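Undergrad: Just need the structure, nothing else, for what follows:
(one chain, ligands or ions: 2)
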Amino acid sequence: MFYRCGSCGSNMVYNFNKGTLECLNCGNMEQPELLPAAADGNCPNCGAPLDPGPYEIAGKCPFCGTYHVYEEKAVGEHAPVRIIPTTLTRVEAFRLLQKEYSRYVALVPEIFSDKRLNEVQTEYIPYWVFSYRVRMGYTGDLKERIFRGSDTIIKTRRISFSFEAVLNDVPKDASDRMPDDIMDAVEPFQFKTAREFRPEYLSGARAEYFNHPSEQYRKDAYAKMREKAEDLFCRKLLAAYPHGDLSESRIRSGMQLEVVSETCEFDLLPVYIYEYATESGRKFTYYINGQTEEIYGSVPVSRLRMALGCAAAGALFLGAAGVVNLILVLLGGAL
Ligand SMILES: [Zn+2]
Ligand SMILES: [Zn+2]
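TA: Residues are numbered from 1 along each chain as shown. Ligands and ions are numbered 1, 2, ... in the order given. Down below sits the predicted model:
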């Protein structure tokens, strides 16, 4: 179904800053009309066939651009518990990319031009979010320096150090479309702004429910949690024995960790995705954390342009910039 503006009939999308659905055409924020999907599964706005993937719970009609929310699929175990709202608009996300890559002279032409502003997609990625209570401990010999006047005495003693900690909100992305290493690279997400899920939040975005049960992600989540737990434990133990001979590697290898309890839930986290394909078929994809603005993507350079860029820098120095600029313009479409 989609949210239709009661005034002008256009599509309404959710605006988190205003806390309401808003018509992109006339700005109306009053109660929308809800239009269910046509019985034949076609877009109720333009009649084109909609073909959402098996996990898709929100998406865009490829023909008229209307945002649909497949509410009936986001129920029961497939209903997200929490959603972290975007704090950026799509335009702001695009501006971040422009800023990040503006320093490269050898840009692929057009890739970050304003003409492409509307190509940025908002995606709510399904994550299994794990929370743990753990007990950590370390027992071992410690050599400690004790200062007595001008003398330093080395004393060896046995120490036993332990505590319990709560490690909440360890996310593992649960969408096969999203490369795991990239999703790890756009972290962190701050869960304090997460809110209880409501279907209208998805109008204006693409979203999926988890592609596999949580069990499949448990091992990876444990490894992520273990890393955080070890960091925390090292910090605390080293602070407790500042004059000892403990090293981080010794603590990590000797530390005991026991999981006291573990929970996990299905949440949606925001990422902006921007794709660009050159005429020769080279593809560039950029990912922007919709909350904390972390960016992942490769620098869009071509070898030819890079070489010319260097030549241009040299020529500027020689006062021949005009000639080289002309060459760059002529080769603009040569990728
Ligand atoms: Zn309207
Ligand atoms: Zn349509």
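Undergrad: Strands along the stretch 51-200 of the chain, start to end?
TA: With strands called from DSSP state E, counting those that start in this stretch, the stretch 51-200 of the chain shows them at 56-60, 67-69, 82-83, 121-148, 151-173, 195-196.
Undergrad: Out of the ones you listed, which is the most enclosed?
TA: With neighbours taken as mean count of other CB atoms under 10 Å, the strands of the stretch 51-200 of the chain reach their highest mean count in strand 67-69, at a mean of 24. Glycine gets a C-beta too; all of them are placed from N, C-alpha and C.
Undergrad: Give me the distance from it to the chain's centre.
TA: Centroid separation for strand 67-69 versus its chain: 21 Å, with CA atoms, centre = their mean, to the nearest Å.
Undergrad: and what of stretch 111-131?
TA: 8 Å.
Undergrad: as a whole number, average confidence for it?
TA: Averaged over stretch 111-131, pLDDT sits at 93.
Undergrad: do stretch 188-207 as well
TA: 96.
Undergrad: how about that stretch: buried residues?
TA: 189, 191, 194, 197, 199-207 (16 or more other CB atoms under 10 Å).
Undergrad: give me phi/psi at the residue of the stretch 151-300 of the chain found nearest ligand 1?
TA: The minimum distance from the stretch 151-300 of the chain to ligand 1, using CB to the ion, falls at residue 203 (13.4 Å). Main-chain dihedrals, residue 203, degrees, to the nearest 10: phi -70, psi 110.
Undergrad: Can you check the pLDDT for residue 335?
TA: 39.
Undergrad: what's the answer for residue 242, then?
TA: Model confidence at residue 242 (pLDDT) stands at 88.
Undergrad: Next, count neighbours for the spatially closest residue to residue 26 that is not a sequence neighbour.
TA: The spatially closest residue to residue 26, leaving aside those adjacent along the chain, is residue 8, at 4.5 Å (CB to CB, 6 or more residues apart in numbering). Counted with other CB atoms under 10 Å, the neighbours of residue 8 add up to 12.
Undergrad: Helix or strand: which one has residue 8?
TA: Remark: residue 8 resides in no helix or strand, with elements defined by DSSP states H and E.
Undergrad: In contact with it: list those residues for me.
TA: Contacts for residue 8 were tallied using CB atoms under 8 Å, 6 or more residues apart in numbering; they are 23, 25, 26, 28.
Undergrad: For the buried ones among the residues you listed, write the corresponding PyMOL selection.
TA: To isolate the buried ones among these in PyMOL, judged by 16+ other CB under 10 Å, type:
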select buried, resi 23+28
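Undergrad: ok, which pair from the contacts of residue 8 is furthest apart?
TA: Distance extremes for the contacts of residue 8: the farthest pair is 25 and 28 at 8.3 Å, using CB to CB.
Undergrad: picking that back up, just flag the most distant two among the buried residues of stretch 188-207.
TA: Among those, 191 and 203 lie farthest apart (CB to CB), at 22.9 Å.
Undergrad: Apart from its chain neighbours, what residue comes closest to residue 65?
TA: residue 11 is the one closest to residue 65 (CB to CB, 6+ apart), at 7.6 Å.
Undergrad: partner residues bridging that neighbour?
TA: residue 4 (DSSP bridges).
Undergrad: what about it, how many residues close to it?
TA: Residues near residue 11, counting by other CB under 10 Å: 24.
Undergrad: from what I can see it touches residue 69, true?
TA: No: contact status for residue 11 versus residue 69: not in contact, 11.1 Å apart, counting by CB atoms under 8 Å.
Undergrad: Give me the common contacts of the two.
TA: What both residue 11 and residue 69 touch, as defined by CB under 8 Å, 6+ apart, is the set 2, 3, 203.
Undergrad: need these in JSON lines with distance to residue 244, can you?
TA: Listed next are the shared contacts of residue 11 and residue 69 as JSON lines, based on distance: CB to CB, whole Å:
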{"residue": "2", "distance to residue 244": "64"}
{"residue": "3", "distance to residue 244": "62"}
{"residue": "203", "distance to residue 244": "57"}
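Undergrad: Perfect, I'm done here.
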